[in-house]
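In: Okay, here's the prediction I keep looking at, along with the sequence it came from:
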Amino acid sequence: MFYPVYRARRIRGKEVFRNMVRETSISANDLIYPMFSAFGKGIKKEISSMPGIYQQSIENIVEEAQEAYELGVPAVILFGIPEQKDAMGSDAYSETGIIQETIRAIKKSVPKLAVITDVCMCEYTDHGHCGVIKNGDVDNDETLELLAREALSHAQAGADMVAPSDMMDGRVAAIRESLDNNGFNHIPLMSYAVKYASGYYGPFREAAESTPQFGDRRSYQMDPGNRLEAIREARMDVEEGADILMVKPGLPYLDIVREVRNEFNLPTAVYNVSGEYSMVKAAAKMGWIDEDRVIMETMMSFKRAGADLILTYHSKEVAKLLRKGYEAELNGRCGCGCR
């Protein structure tokens, strides 16, 4: 096809046709909203590097969970800030841990909202790493036992799905076995299958109070330069029983999202991480971008790359914009806001 026989603007010229031929669309059903539950009462502490996102005590978490559900967001994923941390991250798998209590409260008040739990140790250990430390590094196999206990405790508290983010080798198999052996073979597992050692996590570490007290996480999270390794990691999780594969972060790794989606016949999730969120908020505050437009364009990029699910701190904003019909409106605007 070539000009003048083919003129792409014939279809672009009317909004009705643009809407009819759009290849990619966004729905509130695609969204998962991350939330930070903190031990205590009356807590609603805004995270300084993530405007609009809070550490909250359980009663406030429940209130916001209700708000998200009423906006059409179908699921939340929970991260915990415990009362106390220790070397073994014991609050992570305690029957009365912060996440376990939060799950019960949300399921009691908003029973139709899906509650997903992050399964990792970094928020609960006093050293900030994702497992048991031996000889200055995380001991992979000993950590597996704790992760399996943590995931099982979440299921017992009423979680609808568990999502291991630790990047230990074999953790999907360990968790799947623990769940299945204890009567929870119906609980799906969303694996952080491809999680890079990224600079985009900075604001999250403030939010979850999970900054490593020494070293970094490059001995277990992936090198940003590796593409083929991402496929190996995802394949291993598929073989171990993962139901959904996640790529994290999102925007710098859209090529990996597409690779994973093409390679595996499983739902694919992407995590629009804290640093990506904070950059949008900072640029919008300075008046440099049209915030709503950039948020929706970002969501569209994830869907176009192949993501079925999007974990994003923008979830409530996206749901509100979709409710206003903003996706159709977006298709008719240029960068300056004209028609």
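Out: The structure has been received and is ready for your questions. All figures in this text were calculated on a predicted structure; none of them were measured in a lab.
In: Report the buried residues of the biggest helix by length in the chain.
Out: Counting residues, the longest helix found in the chain (DSSP state H) is helix 140-157. Neighbour-count burial for helix 140-157 flags 140, 143-144, 146-155, 157 (criterion: 16 or more other C-beta atoms under 10 Å). Just so you know, the C-beta spots here come from the backbone N, C-alpha and C atoms, and that holds for glycine as well.
In: and which of those residues is nearest to Gly306?
Out: Ala151 (26.7 Å; C-beta to C-beta).
In: From Tyr192, how far out is that closest one?
Out: 13 Å (C-beta to C-beta, to the nearest Å).
In: Return every residue with contacts to both of these two.
Out: Pro164 (C-beta atoms under 8 Å, 6 or more residues apart in numbering).
In: So what pairs up with Ile133 in the strands?
Out: Legend: beta-bridge partners of Ile133 under DSSP bridges are Val138.
In: can you start the count at 12 instead of 1 from here on
Out: Shifting the count to begin at 12 puts that one at Ile144.
In: quick one on the thing from earlier: could the buried residues of helix 151-168 go into a markdown table alongside distance to Thr113 and pLDDT?
Out: Compiled in a markdown table, the buried residues of helix 151-168 are given as follows (distance: C-beta to C-beta, whole Å; pLDDT from 0 to 100):
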| residue | distance to Thr113 | pLDDT |
| --- | --- | --- |
| Asn151 | 28 | 93 |
| Thr154 | 23 | 93 |
| Leu155 | 24 | 95 |
| Leu157 | 19 | 95 |
| Leu158 | 19 | 96 |
| Ala159 | 20 | 96 |
| Arg160 | 18 | 96 |
| Glu161 | 14 | 96 |
| Ala162 | 15 | 97 |
| Leu163 | 17 | 98 |
| Ser164 | 12 | 98 |
| His165 | 10 | 98 |
| Ala166 | 14 | 98 |
| Ala168 | 9 | 98 |
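In: between those residues, which is closest to Ser36?
Out: Nearest to Ser36 out of the buried residues of helix 151-168 is His165 (C-beta to C-beta; 32.3 Å).
In: May I ask you to confirm that Thr323 is in contact with Leu42?
Out: Yes. Judged on C-beta atoms under 8 Å, Thr323 makes contact with Leu42 at a distance of 6.5 Å.
In: and Arg315, backbone torsions?
Out: Per-residue torsions, Arg315: phi -60, psi -30 (degrees, to the nearest 10).
In: In terms of pLDDT, where does it sit?
Out: For Arg315, the pLDDT comes out at 97.
In: Show the contacting residues for it.
Out: Glu34, Thr35.
In: Check the burial of Lys123 by counting its neighbours.
Out: 7 (other C-beta atoms under 10 Å).
In: do Lys52 as well
Out: Neighbour count of Lys52, defined by other C-beta under 10 Å: 9.
In: Report the contact partners of the closest residue in space to it that isn't next to it in sequence.
Out: Nearest non-adjacent residue to Lys52, counting by C-beta to C-beta, 6 or more residues apart in numbering: Ser68, 5.4 Å away. By C-beta under 8 Å, 6+ apart, the contact list for Ser68 reads Ser48, Ala49, Phe50, Gly51, Lys52, Gly53, Ile54, Lys55.
In: switch to 6 Å and redo it
Out: Ala49, Gly51, Lys52, Ile54 (C-beta atoms under 6 Å, 6 or more residues apart in numbering).
In: Now which of those residues would you call buried?
Out: With burial judged by 16+ other C-beta under 10 Å, the buried subset of the contacts of Ser68 is Ala49, Ile54.
In: just to confirm, which helix or strand has Glu74 in it?
Out: Assessed by DSSP states H and E, Glu74 sits inside helix 69-82.
In: For whichever helix or strand comes after that helix, what does the pLDDT average out to?
Out: Downstream of helix 69-82, the next assigned helix or strand under DSSP H and E is strand 86-92. For strand 86-92, mean pLDDT rounds to 96.
In: Can you list the buried residues in the helix or strand hosting Asp248?
Out: Here Asp248 is covered by helix 239-251, with elements defined by DSSP H and E. By neighbour count on 16+ other C-beta under 10 Å, the buried set for helix 239-251 is Ala241, Ile242, Glu244, Ala245, Met247, Asp248, Val249, Glu251.
In: Now do it: everything it contacts.
Out: Against helix 239-251 from outside (C-beta under 6 Å, 6+ apart): Val183, Ala184, Ser202, Ala204, Val205, Leu256, Ile267, Val271, Glu274, Phe275.
In: And the residues you listed, which two are furthest apart?
Out: Spatial extent of the contacts of helix 239-251 (C-beta to C-beta) is set by the pair Ala184 and Ile267 at 22.5 Å.
In: Much appreciated, bye for now.
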